[in-house]
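Participant: return atomic coordinates for the entry below.
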Amino acid sequence: MLFIEELTQIHYYVYQKLFMRRAIESVIDNDGSIITSLWSRQSGKTEAVAGLALGLAILFPVLAKAFPDDPRFKAYARGFRVGIYAPIDEQARLPYDRIRTYAHSEHAEAILSDPELDISLVVSRGDRIVLSNGSRIMSKTASPQASIEGDTHDFVICEESQKLLRSKVDKEIRPMLAATFGTMIHIGTAWESRGGFHHSIQYNVDAHRAGGKRNHFEYPYEIVIEEKERMYRKDKNPFHLNYAKFVQQEIARLGGTDNEEFKMNFRCLWAESRVIALYPHVLKAAYVEDMEMGPRVDGFQVAGLDIGKVSDQSVLACLSVDRNNPVINKSTLPGADEDKQVYYHKTFFALYELGGPFEGNTGQYATLVEILSWHRIQMLVVDATALGDPVFERIEAMVGDSIMVLPFKFGSVTKSLLYKYYLQEWNARRIHIAAGPETQKTPEFRKFQAQHLDLDRVEAGGYVICSAPDGGHDDYPDAGALACWAEKSMTKTIMPEIEVTSAPSFGGGARIFGGRGPMTDTADLSVGRPRSRYVRRGWGR
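Facilitator: Sure, this is the predicted structure:
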């Protein structure tokens with residue numbers, strides 16, 4: 001840190017130093033950390049990452065030569081490689097141009113020419129600096145259209161991370177650190193959507209609370225102003241007071257600190273109220289911690305099957321419904337249909353991944369049939385969108401004489417109705433999850449939990465749109481919602497009277513929407529035991 005401050009001629013604020021020191025420590029320890037930092041606008045994040053990148057590129061190869069037997073530095077004898085990425089080229093160029101400014105200053109050139117360093121700039125162009133010690137710093141756009149794969153880095157800086165596509169980072173940027181187990185920095189400002197940056201922040205916060213190292217640094221405007229005022233008291237430079245003046249002017253202009261733009265730009269608060277579908281405390285309240293998932297349970301059971309797409313798993317979610325203790329909606333208007341004001345508590349008692357899309361004559365069909373038979377599922381709702389149609393037809397042919405199988409096609413209308421009911425039941429605390437100690441260790445439970453917490457909720461044109469953030473997955477929420485819809489269908493709360501302007505058409509003769517009445521009176525449906533040829537054959541989790 002002393003070297004960086006001398007090199008850049010900047011006396012960094014304490015909040016900048018805390019972030020920079022952790023990044024340096026991560027490189028020294030080679031711990032492969034993903035470090036996140038959420039900064040109030042114009043608080044010095046570009047200044048910090050620019051000094052950090054240049055200091056590492058200059059000094060680490062020097063340390064490798066000075067301490068040749070120290071394994072922490074040995075790898076950098078060939079140079080230190082830094083990559084800077086941002087959603088658009090201009091944003092990646094901001095820290096990079098600052099790096100070039102520092103490197104070309106007379107002061108820096110004097111330091112680099114010192115005999116103990118003896119370093120010169122070999123290449124200095126618009127997107128790349130190469131030093132004579134083998135180090136290089138490059139900047140590239142990480143826009144959705146850009147192809148950026150191929151480089152190897154020791155250190156990656158993702159600028160304006162809140163606008164980077166999660167899929168871009170995971171697929172193309174992160175793998176560039178695989179050979180070196182390098183450190184990645186995500187730095188940016190709060191935004192309206194919760195993508196990979198938000199996910200990484202939450203992971204770091206949770207890991208730190210559990211006793212891990214601090215890998216997230218958050219600096220809202222109050223911290224920035226307090227530190228700048230402290231620096232003013234120390235050196236009497238009026239520059240430090242400009243930030244507070246500007247922020248106070250913004251507060252007056254925007255009518256207070258609760259303005260959405262101010263909350264994101266200066267308070268480091270995500271606009272989650274617009275997008276979050278299921279809050280952590282609601283999910284946590286559903287845990288039944290003395291119940292493990294998987295074993296056979298008694299009672300009324302339904303399931304939902306989400307058909308995996310190209311890169312997703314097919315997921316089966318199984319619900320047991322407590323029909324012995326109905327919940328009556330006491331807020332209904334006089335004359336309302338009482339049958340449709342009855343709700344039931346239900347519990348997810350089993351979750352299964354079936355290995356990707358159903359294709360050809362794979363054993364997934366047999367596995368699915370065995371699971372359904374063993375658990376005595378009475379109704380199954382199947383995702384019949386696109387490629388799901390033939391899958392539904394085949395499943396219905398295999399189990400249709402013992403299990404009621406319904407297709408569900410996702411569209412703007414149908415998915416809105418599906419998730420309105422699903423979220424209603426969550427928020428009414430009528431959904432529960434088997435969450436015993438062993439269950440919470442399973443990948444199925446962890447994915448169920450993570451995907452539900454990641455789920456975005458947006459209202460547009462009267463529809464509720466729920467989906468995973470970019471690059472994420474929503475297989476488990478979709479399967480859970482379909483299972484909940486099966487419960488709704490079997491308990492005669494399907495609401496067939498809803499008028500849909502463009503009613504979807506379902507195959508197999510089932511009519512879920514369209515105002516033509518319920519497909520059957522299923523309230524007292526009795527389902528017999530599965531066919532004998534579908535006996536359990538020791539399928540695993």
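Participant: the stretch 151-300 of the chain: strands as residue ranges?
Facilitator: Secondary structure of the stretch 151-300 of the chain by DSSP state E, counting those that start in this stretch: the strands cover 155-158, 183-188, 216-219, 287-288, 300-306.
Participant: need the winner for burial among these.
Facilitator: strand 300-306 (a mean of 27; mean count of other CB atoms under 10 Å). The way it works is simple: take the backbone N, C-alpha and C, and place the C-beta from them, glycine included.
Participant: who does the strand or helix carrying L406 touch, helix- and strand-wise?
Facilitator: Element membership of L406 [criterion: DSSP states H and E] is strand 404-408. Applying 3 or more CB pairs under 8 Å, 6 or more residues apart in numbering; DSSP states H and E, we find strand 404-408 packed against strand 379-383, helix 388-399, helix 475-490.
Participant: let me have the strands of the stretch 151-300 of the chain in TSV, extended by distance to P326 and mean pLDDT.
Facilitator: Formatted as TSV, these follow (distance: least, CB to CB, whole Å; pLDDT from 0 to 100):
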stretch	distance to P326	mean pLDDT
strand 155-158	51	94
strand 183-188	48	94
strand 216-219	45	95
strand 287-288	19	96
strand 300-306	12	93
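Participant: tell me which of these lies nearest to D118.
Facilitator: Of all the strands of the stretch 151-300 of the chain, the one in closest proximity to D118, counting by CB to CB, is strand 155-158 (22.8 Å).
Participant: how distant is the closest one from the center of its chain?
Facilitator: Relative to the chain's own centre, strand 155-158 is displaced by 19 Å; criterion: CA atoms, centre = their mean, to the nearest Å.
Participant: tell me which strands it pairs with, and in which orientation.
Facilitator: strand 81-86 (parallel), strand 183-188 (parallel) (DSSP bridges).
Participant: dump the ones you listed to JSON lines, plus distance to Q424.
Facilitator: Formatted as JSON lines, the strands paired with strand 155-158 follow (distance: least, CB to CB, whole Å):
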{"stretch": "strand 81-86", "distance to Q424": "40"}
{"stretch": "strand 183-188", "distance to Q424": "34"}
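Participant: R98: which of those strands is closest?
Facilitator: Short answer: strand 81-86, nearest of the strands paired with strand 155-158 by CB to CB, at 10.4 Å.
Participant: quick one: mean pLDDT for the closest one?
Facilitator: Mean pLDDT, computed over strand 81-86, is 93.
Participant: need the outlier residue of this structure, farthest from its centre.
Facilitator: P115 (48.8 Å; CA atoms, centre = their mean).
Participant: quick one on the thing from earlier: how big is the angle separating the strand holding L406 from strand 300-306?
Facilitator: With axes from the mean of the first three to the mean of the last three CA atoms, to 10 degrees applied, the angle from strand 404-408 to strand 300-306 works out at 40 degrees.
Participant: keeping just the C-alphas, turn strand 404-408 into PDB.
Facilitator: This file holds the C-alpha atoms of strand 404-408, laid out as PDB (Å, rounded to 0.1, in the frame of the first residue of the first chain):
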ATOM      1  CA  MET A 404     -54.000 -37.700 -13.100                       C
ATOM      2  CA  VAL A 405     -51.500 -36.000 -15.400                       C
ATOM      3  CA  LEU A 406     -52.100 -32.400 -16.500                       C
ATOM      4  CA  PRO A 407     -50.100 -30.300 -19.000                       C
ATOM      5  CA  PHE A 408     -49.200 -26.700 -18.300                       C
END
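Participant: and the next helix or strand after it, what does it pack onto?
Facilitator: Following strand 404-408 in sequence order, the next helix or strand is helix 412-427 (DSSP H and E). Helices and strands touching helix 412-427, by 3+ CB pairs under 8 Å, 6+ apart, are helix 280-285, strand 463-467, helix 475-490.
Participant: Q301: which of the ones you listed is closest?
Facilitator: Using CB to CB, the nearest of the helices and strands packed on helix 412-427 to Q301 is helix 475-490, at 9.4 Å.
Participant: check which helices and strands the closest one sits against.
Facilitator: strand 300-306, strand 315-328, strand 342-353, strand 379-383, strand 404-408, helix 412-427, helix 443-454.
Participant: which of the ones you listed sits closest to G55?
Facilitator: So among the helices and strands packed on helix 475-490, helix 443-454 is nearest, using CB to CB, at 35.6 Å.
Participant: and the next helix or strand after that closest one, what does it pack against?
Facilitator: Counting by DSSP H and E, the next helix or strand C-terminal to helix 443-454 is strand 456-460. If contacts are counted by 3+ CB pairs under 8 Å, 6+ apart, strand 456-460 sits against strand 463-467.
Participant: domains of this protein?
Facilitator: 2-219, 225-265, 280-490 (automatic domain parsing).
Participant: any chance of those in TSV, with distance to A271 too?
Facilitator: Formatted as TSV, these follow (distance: least, CB to CB, whole Å):
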stretch	distance to A271
domain 2-219	5
domain 225-265	6
domain 280-490	11
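Participant: residue nearest the middle of this structure, spatially speaking?
Facilitator: H199 (4.3 Å).
Participant: on that earlier part again, can you redo the strands of the stretch 151-300 of the chain as CSV with distance to G255?
Facilitator: CSV is the format used below for the strands of the stretch 151-300 of the chain (distance: least, CB to CB, whole Å):
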stretch, distance to G255
strand 155-158, 33
strand 183-188, 25
strand 216-219, 24
strand 287-288, 41
strand 300-306, 44
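Participant: where is the longest helix in the chain?
Facilitator: helix 45-66 (DSSP state H).
Participant: point out where the stretch 201-350 of the chain drops to low pLDDT.
Facilitator: For the stretch 201-350 of the chain, applying pLDDT under 70 flags the ranges 272-275, 310-312, 329-341.
Participant: switch the cut-off to 90
Facilitator: Where the stretch 201-350 of the chain drops to pLDDT under 90, the residues are 201-203, 205-207, 209-210, 252-261, 263-264, 268-281, 294-300, 307-314, 323-343.
Participant: adding distance to T414 and mean neighbour count, write the helices and strands packed on helix 412-427 out as TSV.
Facilitator: Converted to TSV, the helices and strands packed on helix 412-427 look like this (distance: least, CB to CB, whole Å; neighbours: other CB atoms under 10 Å):
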stretch	distance to T414	mean neighbour count
helix 280-285	24	13
strand 463-467	10	18
helix 475-490	10	26
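Participant: rank these by mean pLDDT and give me the bottom one.
Facilitator: strand 463-467 (a mean of 83).
Participant: how far away is the residue farthest from the centre of the chain from V62?
Facilitator: 12 Å (CB to CB, to the nearest Å).
Participant: quick one: the longest helix of the chain to strand 183-188, angle?
Facilitator: 170 degrees.
Participant: what's helix 45-66 packed up against?
Facilitator: Partner elements for helix 45-66 (3+ CB pairs under 8 Å, 6+ apart): helix 2-8, helix 14-29, strand 81-86, helix 89-103, strand 128-131, strand 136-141, strand 155-158, strand 183-188.
Participant: go again with 6 Å.
Facilitator: helix 2-8, helix 14-29, helix 89-103 (3 or more CB pairs under 6 Å, 6 or more residues apart in numbering; DSSP states H and E).
Participant: same list, those helices, but as a markdown table with mean neighbour count please.
Facilitator: Shown next, in a markdown table, are the helices and strands packed on helix 45-66 (neighbours: other CB atoms under 10 Å):
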| stretch | mean neighbour count |
| --- | --- |
| helix 2-8 | 16 |
| helix 14-29 | 18 |
| helix 89-103 | 20 |
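Participant: to A397, which of the ones you listed lies closest?
Facilitator: When the helices and strands packed on helix 45-66 are compared (using CB to CB), the closest one is helix 89-103, at 54.4 Å.
Participant: with adjacent residues omitted, what lies nearest to I4?
Facilitator: Excluding the flanking residues, the one nearest I4 by CB to CB, 6 or more residues apart in numbering is G55, at 3.7 Å.
Participant: the one you found contacts L2, correct?
Facilitator: No. G55 is not in contact with L2 according to CB atoms under 6 Å; the separation is 9.9 Å.
Participant: residues in contact with L283?
Facilitator: L283 makes contact with H452 under the criterion CB atoms under 6 Å, 6 or more residues apart in numbering.
Participant: separation between F246 and H240?
Facilitator: For F246 relative to H240 (CB to CB), the value is 12 Å.
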